[in-house]
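K.L.:
For reference, the sequence and a predicted model appear below.
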Amino acid sequence: MKALIFGAGGQDGQYLAKACRTRGIDYIGISRSAGDWIQGDVAAFAFVKELIRAEKPDLVFHLAANSTTRHDCIFEHHRTIGEGALNILESVRLWAPDCKVFITGSGLQFLNRGKPLMETDPFDDSSSYATVRNYSVHLARYFRRLGVRTYVGYLFHHESPLRKQNHVSQMIVQAVKRIADGSREKIELGDVAVRKEWTFVGDIVEGILTLVGQDRIHEAVIGSGLPYSIEDWLATCFGLIGRDWHDHVIIKEGFKAEYPLLVSDPGTMAGLGWHASVNLADLAGLMLNATPEQHNVPSTS
């Protein structure tokens, strides 16, 4: 079995490659920034078409994206998420009709009423990111009508040692490490009461592979269903070094979060036998104790 992973350089792509290797699935990772992977742009139809025509993969995963919701990234979102999905789906239709395609979705696509979200909930065009994600899902549904076996996994907040430092989780982790080593710095944060999921990426990619490994369910939210606040993350991380987070954090006044709660109802995935296994404390320990090379994934299987 052979898989193509678009967006292999991100945390999701690297952990997915690792999971494929464990299962004996040959994989080719594609990244716009290259690194250890094949350099290529999912928004370039000629590149995507030729790769799929030549490789005839059994699985294609579209993970490439910039996760920001900022409006000024709307053209990047359109190219990477939207055009990327279209290029993959049309190429598979033409050159690899037996292939399964996974399109990444997000919990941010749904109308958030402060309750756990399911794949059957209505979409909400609340940001440039959500709008293009919604478009890619409609493409997946259309190509499913044309006979392409498409899957959509709506991912909620998930973390790993590979998370970039511009994300609050990793920013806190790195600051906690420095404070444990003697730094006197203060962490400036906004609303620490915001609650979201803190699921381990390794669990998420197992959910993705569970979803594409069966033929009955084609769309599902993939998340732990367990909400934690940023305050919970602070308390957990500082607790692991024996400190009180209140002594090291400054709360910025007037900060307004995008949402007070973003959490999934993972009942559909539970019905497929998948559950998140890494809890908050274990995830914090994993990130605090990790070295960069511990989770490096080779470019080939």
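P.N.:
Yep, that arrived. Just so we're clear, the structure is a prediction, and the values are computed from it rather than from any experiment. Numbering: from 1, shown residues only.

K.L.:
Would you mind checking the average pLDDT for the lengthiest helix in the chain?
P.N.:
As assigned by DSSP state H, the longest helix anywhere in the chain is helix 128-145. The pLDDT scores in helix 128-145 average 97.

K.L.:
next one: stretch 208-228
P.N.:
So the average pLDDT for stretch 208-228 ends up being 97.

K.L.:
now that stretch, how far from the centre of its chain.
P.N.:
Relative to its chain's centre, stretch 208-228 lies at 12 Å (C-alpha atoms, centre = their mean, to the nearest Å).

K.L.:
got it, and stretch 157-168?
P.N.:
10 Å.

K.L.:
okay, it in PDB with CA atoms only?
P.N.:
Output in PDB follows, covering the C-alpha atoms of stretch 157-168 (Å, rounded to 0.1, in the frame of the first residue of the first chain):
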ATOM      1  CA  HIS A 157      -7.200  21.400  18.900                       C
ATOM      2  CA  HIS A 158      -4.200  19.000  19.100                       C
ATOM      3  CA  GLU A 159      -0.600  19.200  20.300                       C
ATOM      4  CA  SER A 160       2.800  17.600  20.200                       C
ATOM      5  CA  PRO A 161       6.400  18.500  20.800                       C
ATOM      6  CA  LEU A 162       6.500  19.500  17.100                       C
ATOM      7  CA  ARG A 163       4.000  22.400  17.700                       C
ATOM      8  CA  LYS A 164       5.500  25.700  16.500                       C
ATOM      9  CA  GLN A 165       6.300  28.300  19.200                       C
ATOM     10  CA  ASN A 166       3.800  30.800  17.900                       C
ATOM     11  CA  HIS A 167       1.000  28.600  19.400                       C
ATOM     12  CA  VAL A 168       0.100  29.300  23.000                       C
END
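
K.L.:
Which parts of that stretch count as buried, going by neighbours?
P.N.:
Residues 157-163, 168 are the ones in stretch 157-168 that count as buried (16 or more other C-beta atoms under 10 Å). From N, CA and C alone the C-beta is placed, and that goes for glycine too.
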